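Undergrad: Take a look and give me a structure for this.
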Amino acid sequence: MSGPTAFSFTHLFSDLVDRPVNFSEAKALPAVEAKKVFGIYETLPAGRPIIVRADLPFLATIAGLLIGLPAATAMERALCDPMDDAIRDAIYEALNICSTCLCGDERVLLRSMTTHSNAIPHPASELLKKSTYASNFKVVISGKDCGLLSVLGAY
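TA: Below is the predicted model:
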């Protein structure tokens, strides 16, 4: 099974928010201090974990577009502790449909979402230490740089 592509993510997210969302592959990601969101997935029937690690500004922008809020307002609400329910649900929806890009021959289910890397359950937590597969993408929404997304897992 091959891994997800920039093309598949670009089409999925552009269709989701009805505006240009461009993903481009990145060999190495620069160290960015943006808060991260971790989507923890499981392949079925094999049970292999996959993690999508995305910058919160990117997902907050997507959430804002989904519920009709400006990016800055969506980001403010995403940074609240606990996170605003409407923003959290929209981010969860975006991560849930990501499974479309992650699946090949197997079904991929979103099991959980967290903003704390220490809350990722084992064996998925091992992917943060050493992944046999990592695919990195830079994300631009409507011409504005919005962050980074990485897929960690075995393909």
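Undergrad: Please count neighbours and contacts with C-alpha atoms only from this point.
TA: OK.
Undergrad: Quick check, pLDDT for Val21.
TA: On pLDDT, Val21 comes in at 96.
Undergrad: Pairing partners for it in the sheet, please.
TA: When bridges are called by DSSP bridges, Val21 pairs up with Ile141.
Undergrad: so what's it up against?
TA: Residues near Val21 by C-alpha atoms under 8 Å, 6 or more residues apart in numbering: 10-11, 13-14, 139-142.
Undergrad: now the strands for the protein?
TA: 21-26, 36-44, 49-55, 107-114, 134-141, 144-153 (DSSP state E).
Undergrad: Now render those as TSV, adding distance to Ala90.
TA: As requested, those are exported to TSV (distance: least, C-alpha to C-alpha, whole Å):
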stretch	distance to Ala90
strand 21-26	16
strand 36-44	13
strand 49-55	14
strand 107-114	12
strand 134-141	16
strand 144-153	17
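Undergrad: just checking, Gly3 touches Asp105?
TA: No: counting by C-alpha atoms under 8 Å, Asp105 is not a contact partner of Gly3; they are 11.3 Å apart.
Undergrad: okay, the two: which has more neighbours?
TA: In this view Gly3 and Asp105 are compared by other C-alpha atoms under 10 Å, and Gly3 has more residues nearby, 16 against 10.
Undergrad: Would you check how far apart the nearest residue to Ile40 once chain neighbours are set aside and His11 are?
TA: Of all residues not flanking Ile40 in the chain, Ile51 sits nearest, at 4.8 Å (C-alpha to C-alpha, 6 or more residues apart in numbering). In this view, Ile51 and His11 are 20 Å apart by C-alpha to C-alpha, to the nearest Å.
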